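>>> What would the 3D arrangement of this be:
(one chain, ligands or ions: 1)
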Amino acid sequence: MRTDVETLLKELVDQALAHQAPTRGQALELLATSDDDLLDVVAAGGRVRRHFFSNRVKLNLIINMKSGLCPEDCSYCSQRSGSKAEVLKYNWIDPTDAAETADQAIRGGAKRVCLVASGRGPSDRDVSRVAETVLAIKNRHPGVEVCTSLGLLTVERAQRLLDAGVHAYNHNLNTSEAKYREICSTHTFDDRVDTVAVARDVGLSPCSGAIFGMSETDEEIVDLAFALRKIDPDSVPINFLIPFEGTPLAGQWQLTPQRCLRILALFRFFFPDVEVRIAGGREIHLRSLQSLGLHLANSIFLGDYLTSEGQSGLADLEMIADAGFVVEGLEETTLPEARHDLVTIRRRGPGTAIPANI
Ligand code: SF4
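The predicted structure follows:
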């Protein structure tokens, strides 16, 4: 390893263990490291991951409650308005069917169930449907975390979700503020930031992440990392673009497994004690290097997700065991104590001061 890279990685590890984000310069240097340095980069990120999360891997399941037919035009999304992609299109699955799907995944080790629906945002009726589904799942598995990802949110609807037993709310920033208008014209970056704030302020655990592989520059990746750090999410899903035929980004295969690992390492350094989750595109982009990704991320989706076929759940469990990791149990707390307390503090209500040292 070159001395400059060795120094960079040592600095990044020391800062992350002290909860400090990389500087812009360090972040850009990390993204520019060569493939020859990749294992050292993974090992450095892995030290931080092990410090805060040991060898545990949290498993998550996505249930697609409503698919396709979206009026928004996010260019990465197969469910966007005008999409010619061959995806299932349906309106709201039955709560009992959703609970049965969740049942199987929880028996397979899933600890969080993410209820996802296409659309700009939920109506009051949609929130009632989701609340029914949450109840059906929690009746069978009180300890499971339910996350919802339903689009833009009002305070009232966020509060209703919290009251229904929802633990977390997902709304990804996806890409940098400067790039956002290139990928979507029907809502803004600020709309997304506002929804994460609404969810957090009512006491939902904020989950917000990114998609890479949309021609973003290293500078834009770093801008996004800083923007995400500013909204202080408890979990950060990292998606790698699956460029569906029939969407504007069809054919855009820009990522290599090595680039994906450098991005994951960067996000581990930016979010040392936060749940970093490898989300869409894991199999197709990390390919045979998926298990190296586990040394950086502490969370993955199990099996199939959203509109693409993921690797089967059994293969995921084998990969986790082969790489020396263990599946996190329902009774275990994912986040380190300080972060967990932060969620409790938020639950005390909007405006509660967050301690400066967290
Ligand atoms: S709002 Fe959601 S479902 Fe609709 S196009 Fe955007 S990402 Fe896809």
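>>> Every contact and neighbour count from this point should use C-alpha atoms.
Noted.
>>> ok, whatever residue of the stretch 151-300 of the chain ends up closest to the ligand - contacts?
Nearest residue of the stretch 151-300 of the chain to the ligand, counting by CA to the nearest ligand atom: Gly151, 6.1 Å away. The contact partners of Gly151, by CA atoms under 8 Å, 6 or more residues apart in numbering, come to 117-122, 171.
>>> Adding neighbour count, write the residues you listed out as CSV.
Formatted as CSV, the contacts of Gly151 follow (neighbours: other CA atoms under 10 Å):
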residue, neighbour count
Ala117, 24
Ser118, 25
Gly119, 20
Arg120, 16
Gly121, 18
Pro122, 20
His171, 25
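>>> So which of these sit within strands?
With DSSP state E as the criterion, strands contain Ala117 from among these.
>>> where exactly do the helices run in the stretch 101-250 of the chain?
Ranges of helices in the stretch 101-250 of the chain, per DSSP state H, counting those that start in this stretch, are 124-140, 155-163, 177-183, 189-202, 218-231.
>>> Just put those in a markdown table and tack on distance to the ligand, mean pLDDT and mean neighbour count.
Output for the helices of the stretch 101-250 of the chain, formatted as a markdown table (distance: least, CA to the nearest ligand atom, whole Å; pLDDT from 0 to 100; neighbours: other CA atoms under 10 Å):
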| stretch | distance to the ligand | mean pLDDT | mean neighbour count |
| --- | --- | --- | --- |
| helix 124-140 | 15 | 96 | 18 |
| helix 155-163 | 17 | 97 | 18 |
| helix 177-183 | 10 | 96 | 15 |
| helix 189-202 | 10 | 97 | 20 |
| helix 218-231 | 17 | 98 | 19 |
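>>> ok, stretch 84-99 near the ligand or not?
No: using CA under 6 Å from any ligand atom, stretch 84-99 stays clear of the ligand, coming no nearer than 11.2 Å.
>>> Closest one to the ligand out of the contacts of Gly151, please.
Ser118 (3.7 Å).
>>> Next one, pLDDT for the closest one please.
Ser118 is assigned a pLDDT of 92 by the prediction.
>>> Could you report the separation of it from Glu318?
32 Å (CA to CA, to the nearest Å).
>>> any idea how far stretch 34-46 is from the chain center?
When distances are taken as CA atoms, centre = their mean, to the nearest Å, stretch 34-46 is centred 22 Å away from the chain's centroid.
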